[in-house]
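Participant: fold the stuff below for me.
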Amino acid sequence: MKGVYKQRGFTLIEVLVAMLLLTVGLMSALNMQSTAILGNKGARDMTVATNMAAEIVERMRISGKSYAYNDLDTDADCPLADPVKGDCEQWKSRLNDPDIGLVRARGRVSVVSGVPYDRLTTATVTVTWFTNREKKIVYETIIRTW
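Facilitator: Numbering: from 1, shown residues only. Predicted structure coming up:
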């Protein structure tokens, strides 16, 4: 039986092609993993920022003096009058807490009384922070004033 060869194992080219396909597949999986991690981090930051905005709104509701929070800015000095001063200082501290995870976070409050109706106040809270660029959420709500 001349000329008949029994093939055993793989050739070097087959092994190299298989390794190339495996490498491409693994690189694609790693890319998807890093995209998922970044997406989760962004969603977490957005949730934390929204909760921080809701926190100051609840403090405004509890104080019953939501109009006193107008023009509150955590980058500026907190107002001198309580309860706004204490709420501002605590909110500023929470926004910059490293455990919270927002980088260079800043909170601003704008209040318009009598809008949309008398005895109602429209409060707009803006929280900004930085990742690779500036991110921002705007939280707007209506507070009933007595």
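
Participant: can we go C-alpha only for contacts and neighbour counts from here?
Facilitator: Will do.

Participant: may I ask you to name the longest helix in this protein?
Facilitator: Secondary structure of the chain read by DSSP state H shows that its longest helix is helix 12-63.

Participant: for it, packing partners?
Facilitator: helix 84-95, strand 120-130, strand 134-144 (3 or more C-alpha pairs under 8 Å, 6 or more residues apart in numbering; DSSP states H and E).

Participant: roughly how far is it from the heart of the chain?
Facilitator: Distance of helix 12-63 from its chain centroid, counting by C-alpha atoms, centre = their mean, to the nearest Å, is 13 Å.

Participant: and the angle from that helix to strand 134-144?
Facilitator: 30 degrees (axes from the mean of the first three to the mean of the last three C-alpha atoms, to 10 degrees).

Participant: tell me the angle of helix 12-63 relative to strand 120-130?
Facilitator: 150 degrees.

Participant: please identify the most buried of the helices and strands packed on helix 12-63.
Facilitator: strand 120-130 (a mean of 20; mean count of other C-alpha atoms under 10 Å).

Participant: other residues contacting that one?
Facilitator: By C-alpha atoms under 8 Å, 6 or more residues apart in numbering, the residues outside strand 120-130 that reach it are 49-50, 52-53, 57, 66-67, 102-116, 134-145.

Participant: rewinding a little: after the longest helix of the chain, which helix or strand is next?
Facilitator: Counting by DSSP states H and E, the next helix or strand C-terminal to helix 12-63 is strand 72-73.

Participant: touching that next one from outside, list them.
Facilitator: Contacts of strand 72-73 (C-alpha under 8 Å, 6+ apart): 78, 79, 88, 106, 107, 108, 109, 110.

Participant: how many residues are close by the last one?
Facilitator: In this case it means residue 110. 18 (other C-alpha atoms under 10 Å).

Participant: returning to that earlier point: farthest pair within the contacts of strand 72-73?
Facilitator: 79 and 106 (16.0 Å; C-alpha to C-alpha).

Participant: so for these two, which residue has more residues nearby?
Facilitator: More crowded of residue 79 and residue 106, by other C-alpha under 10 Å: residue 106, with 21 against 18.
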